[in-house]
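**Q** need a structure here:
(chains A and B)
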Amino acid sequence: MTHEDIMERLTEVFREVFDDDSININNRTTANDIEEWDSLEHINLIEAVEKEFSMRFQMREVSGMKDVGEMADIIAERAGSGTKKKKGFFKK
Amino acid sequence: MAFSSLFFMFLFLPVCIGVYFLANSKYRNAILIVFSLIFYAWGDPIYIWLLLLVSCLNYLFGKMITYGNGGAPKFGLVLGLVVNIGLLVSVKYTGFLVENINSLFNADFAVPKFHLPLGLSFFTFRAISYLVDCHWGKIKAERSLSTFLLYMTLFPITTQGPIVRYETIALQLHSRNTTVVDFSEGLGRIVIGLAKKVLIADQLGTIVDQFLSSGGLENQSVLGAWYGVIMYALQIYFDFSGYSDMAIGMGRIFGFKFDENFRYPFVCKDVTEFWQRWHISLGTFFRDYVLYMPIFGKRRKFGGLFLVWICTGLWHGASWNFLIWGLYYGIFLAIEMMIGKKIMKKIPMAVRHIYNKLVIAVGFCIFYFTDLSEMGTCLKSMFFMGSGSFTDPLLASSFKSNFILIIAAIIGCFPIFANIKKKMLLVKDKNTYMVVQSFGTLLLVALLVLSGIFLVNATNRPFLYLQF
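**A** As a prediction, the model looks like this:
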């Protein structure tokens, strides 16, 4: 899965979650760029992204992601690799 | 000593600022630590040792997490969390637990009585955020003990927040400078905060006592109960946001930039938004360190939300009403989440405002009464189920004699002045700019003088959030 593939699928997820077909995301996109993106919508977004790519984010990543690019990097690193890391608060 | 005492405002703070700016910049951290310790010891001469001990321990835990080898980082984190959370829970909740066990099992265990260390809930939370951020690699542990001590004891934020993250002020802890603009805006913020507390919150407090105190509650009229609860909502807003203004203002004078803690919460369009504008530093703490805790598996969306609200409730105190209050808000947030923004947006704005103000007012009623039966009485009165009439003469006379205060409070809840100032400062004309600036300064001086007069005449009311 290339970075472009991920961004394409992510765009769909974002449009779905924020219910806005005009959303276009890039690596630099942050919560400030999308009006609807607040801490509660973030829960929905994370859930939708995890479902789309069948992976789980770690707690550190959820609160630490700076922009969409970082999100895509985490997805690329984890999605489809088949190894399901055990998630935990104490996992680094 | 309270920020809103004459001693603090007209002696402690000016002396501290004077010494700070006269000193060579390499001594400034030390000066701030000394003044912070005096400030803390003034209010709590016993537990200052606890604050120092907790600071030193967290300094060590942080170093273990960032610089330790092998199992040391994980050990440091676990031990650090156990120490901080353990301390908070054992001191704050033991009495509550024992009381409930006693009444549940008809037992008679001695209820331990100690007073809460000043600012415990705030400084343990700052320590927890520091350790977890070290663990997540967001920050590197502070190498200098004195710098870390400054972070833990800094007097503007130690006793009542905001819960400033180490990450936010890490650079400023090491080196910072105060520009003339910082200094004058900082002073302005302090005066505004003081005025909010002394001129508005404390005066509203007298009304609240009158209408919600246990004596007159039984036969309280419907409007009287609503009036009392709404005055309480305004009181706590002006009290706590006034305190935060003062903390942020002092920070700026010393060259620190703390994040805002309130953004006009009452302009919110729904309950969710209220919490994004109210006590922001606590909300973001729970969002970052609790909401996504991976203990709910697939149900983490609502599981996390409820955990956050149980914690928010309990954080405010060991009492059933706070737990109920937390769950109450959790339920409304969950409902709003299930409805979704799409549908929420289609609801007419007037309806949304009526809905959220009602929820918030009832929320403050739950928050006010630690005694559940009194809470029940008040809620009954509010919803036409009490024994009182619809309205009463006391309410009319109170409203009449406090009319200016209430209008001022309502205006102060909305960003009217801030917007006017912003617009005026956009004007390019130099003369207009000067007039606006001088008018603002005059207003601040007037507020300061007025607050001083009120302080001389009044008995001091402590800030409400000091108890949490």
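**Q** Near the residue nearest to B:Ala409 when sequence neighbours are not counted, how many other residues are there?
**A** Among residues not flanking B:Ala409 along the chain, B:Leu234 sits closest, at 4.7 Å (Cβ to Cβ, 6 or more residues apart in numbering or on different chains). C-beta coordinates here come from the backbone N, C-alpha and C atoms, glycine included. Counted by other Cβ atoms under 10 Å in any protein chain shown, the residues lying close to B:Leu234 total 23.
**Q** mind listing what B:Asn219 touches?
**A** B:Gly386, B:Ser387, B:Gly388 (Cβ atoms under 8 Å, 6 or more residues apart in numbering or on different chains).
**Q** for the chain, what spans make up the strands?
**A** Defaulting to chain A. Under the criterion DSSP state E, chain A contains no strands.
**Q** can you list the weak-confidence ranges in chain B?
**A** B:459-460 (pLDDT under 70).
**Q** How about the top helix by length along it, which residues are buried there?
**A** Longest helix of chain B, by residue count under DSSP state H: helix B:72-105. Neighbour counts using 16 or more other Cβ atoms under 10 Å in any protein chain shown place B:73-74, B:76-77, B:79-81, B:83-84, B:87-88, B:91-92, B:96 of helix B:72-105 among the buried residues.
**Q** How far off centre is the lowest-mean-pLDDT helix or strand in chain A?
**A** When each helix and strand of chain A is scored by mean pLDDT, DSSP states H and E, helix A:59-64 comes last, with a mean of 86. Here helix A:59-64 is found 11 Å from its chain centre; the criterion is Cα atoms, centre = their mean, to the nearest Å.
**Q** what packs against it?
**A** Applying 3 or more Cβ pairs under 8 Å, 6 or more residues apart in numbering or on different chains; DSSP states H and E, we find helix A:59-64 packed against helix B:120-136, helix B:280-289.
**Q** So which of those is the most surrounded?
**A** helix B:120-136 (a mean of 23; mean count of other Cβ atoms under 10 Å in any protein chain shown).
**Q** Could you export the next helix or strand after it as CSV, keeping only the C-alpha atoms?
**A** Counting by DSSP states H and E, the next helix or strand C-terminal to helix B:120-136 is helix B:145-153. C-alpha atoms of helix B:145-153 as CSV (Å, rounded to 0.1, in the frame of the first residue of the first chain):
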residue,chain,number,x,y,z
LEU,B,145,16.1,19.6,39.6
SER,B,146,15.7,23.4,40.3
THR,B,147,14.0,23.9,36.9
PHE,B,148,11.6,21.0,37.6
LEU,B,149,10.9,22.4,41.1
LEU,B,150,10.0,25.7,39.4
TYR,B,151,7.5,23.8,37.2
MET,B,152,6.0,22.0,40.1
THR,B,153,5.8,24.9,42.6
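**Q** Now do the contacts for the residue nearest to B:Arg461 when sequence neighbours are not counted.
**A** Spatial nearest neighbour of B:Arg461, chain neighbours left out: B:Asp202 (4.9 Å); criterion: Cβ to Cβ, 6+ apart. Taking Cβ under 8 Å, 6+ apart, we find B:Asp202 in contact with B:Ser4, B:Asp239, B:Phe454, B:Ala458, B:Arg461.
**Q** ditto for B:Asn58
**A** Here B:Asn58 is in contact with B:Gly80, B:Asn84, B:Ala127, B:Tyr130, B:Leu131, B:Phe148, B:Met152 (Cβ under 8 Å, 6+ apart).
**Q** One more pass at 10 Å, please.
**A** Contact analysis of B:Asn58 by Cβ atoms under 10 Å, 6 or more residues apart in numbering or on different chains lists B:76, B:80, B:83-84, B:123-124, B:126-128, B:130-131, B:134, B:141-142, B:148, B:151-152.
**Q** now do A:Asn44
**A** A:Asn44 touches A:Glu16, A:Val17, A:Phe18, A:Glu36, A:Trp37, B:Lys301, B:Met337, B:Gly340, B:Lys341, counting by Cβ under 10 Å, 6+ apart.
**Q** In CSV: the helices and strands packed on helix A:59-64, plus distance to B:Asn24.
**A** Formatted as CSV, the helices and strands packed on helix A:59-64 follow (distance: least, Cβ to Cβ, whole Å):
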stretch, distance to B:Asn24
helix B:120-136, 28
helix B:280-289, 32
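**Q** what does the stretch 301-450 of chain B put close to chain A?
**A** Proximity of the stretch 301-450 of chain B to chain A, by Cβ under 10 Å from any Cβ of the partner chain, involves residues B:Lys301, B:Phe302, B:Gly304, B:Leu305, B:Leu333, B:Ala334, B:Glu336, B:Met337, B:Gly340, B:Lys341, B:Lys342, B:Lys345.
**Q** For the third one, grab the count of nearby residues.
**A** If I follow you right, that is B:Gly304. Neighbours around B:Gly304, by other Cβ under 10 Å: 21.
**Q** is it true that it touches B:Tyr289?
**A** No - between B:Gly304 and B:Tyr289 there is no contact under Cβ atoms under 10 Å: 11.1 Å.
**Q** Could I get the contacting residues of the nearest residue to B:Arg28 once chain neighbours are set aside?
**A** Among residues not flanking B:Arg28 along the chain, B:Tyr20 sits closest, at 5.8 Å (Cβ to Cβ, 6+ apart). Residues in contact with B:Tyr20 (Cβ under 10 Å, 6+ apart) are B:Tyr27, B:Arg28, B:Asn29, B:Ile31, B:Leu32, B:Phe35, B:Thr178, B:Ile253, B:Phe254, B:Gly255.
**Q** Phi, psi for residue 23 please.
**A** You didn't pick a chain, so chain A it is. phi -70, psi 130 (degrees, to the nearest 10).
**Q** let's do chain B instead
**A** B:Ala23 has phi and psi values of phi -80, psi 160 when expressed as degrees, to the nearest 10.
**Q** So, low pLDDT: which residues of chain A?
**A** By pLDDT under 70, the weakly predicted segments of chain A are A:80-92.
**Q** And the helices in it?
**A** Going by DSSP H, chain A shows helices at A:3-18, A:39-52, A:59-64, A:68-78.
**Q** could those helices go into JSON lines alongside distance to A:Ala31?
**A** Shown next, in JSON lines, are the helices of chain A (distance: least, Cβ to Cβ, whole Å):
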{"stretch": "helix A:3-18", "distance to A:Ala31": "11"}
{"stretch": "helix A:39-52", "distance to A:Ala31": "7"}
{"stretch": "helix A:59-64", "distance to A:Ala31": "12"}
{"stretch": "helix A:68-78", "distance to A:Ala31": "10"}
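**Q** Determine which of those helices approaches B:Leu447 most closely.
**A** Set against B:Leu447 and scored by Cβ to Cβ, the helices of chain A come closest in helix A:39-52, at 34.6 Å.
**Q** Name the residues of the closest one that are buried.
**A** Neighbour-count burial for helix A:39-52 [16+ other Cβ under 10 Å]: A:Ser39, A:Leu40, A:Glu41, A:His42, A:Ile43, A:Asn44, A:Leu45, A:Ile46, A:Ala48, A:Val49, A:Glu50, A:Glu52.
**Q** Just the terminal-to-terminal distance for stretch B:410-417.
**A** 12 Å (Cα to Cα, to the nearest Å).
**Q** what's in contact with that stretch?
**A** B:192, B:195-196, B:199-200, B:230, B:233-234, B:237-238, B:241-242, B:263-267, B:421-422, B:440, B:443.
**Q** Among the residues you listed, which lie within helices?
**A** Checking the contacts of stretch B:410-417 against DSSP H, those in helices are B:192, B:195, B:230, B:233-234, B:237-238, B:241-242, B:421-422, B:440, B:443.
**Q** Can you give me every residue that contacts whatever residue of the stretch 351-468 of chain B ends up closest to chain A?
**A** Going by Cβ to the nearest Cβ, chain A is nearest to B:Asn356 of the stretch 351-468 of chain B, at 14.7 Å. Counting by Cβ under 10 Å, 6+ apart, B:Asn356 makes contact with B:Phe266, B:Cys268, B:Lys269, B:Asp270, B:Val271, B:Thr272, B:Glu273, B:Phe274, B:Phe332, B:Glu336.
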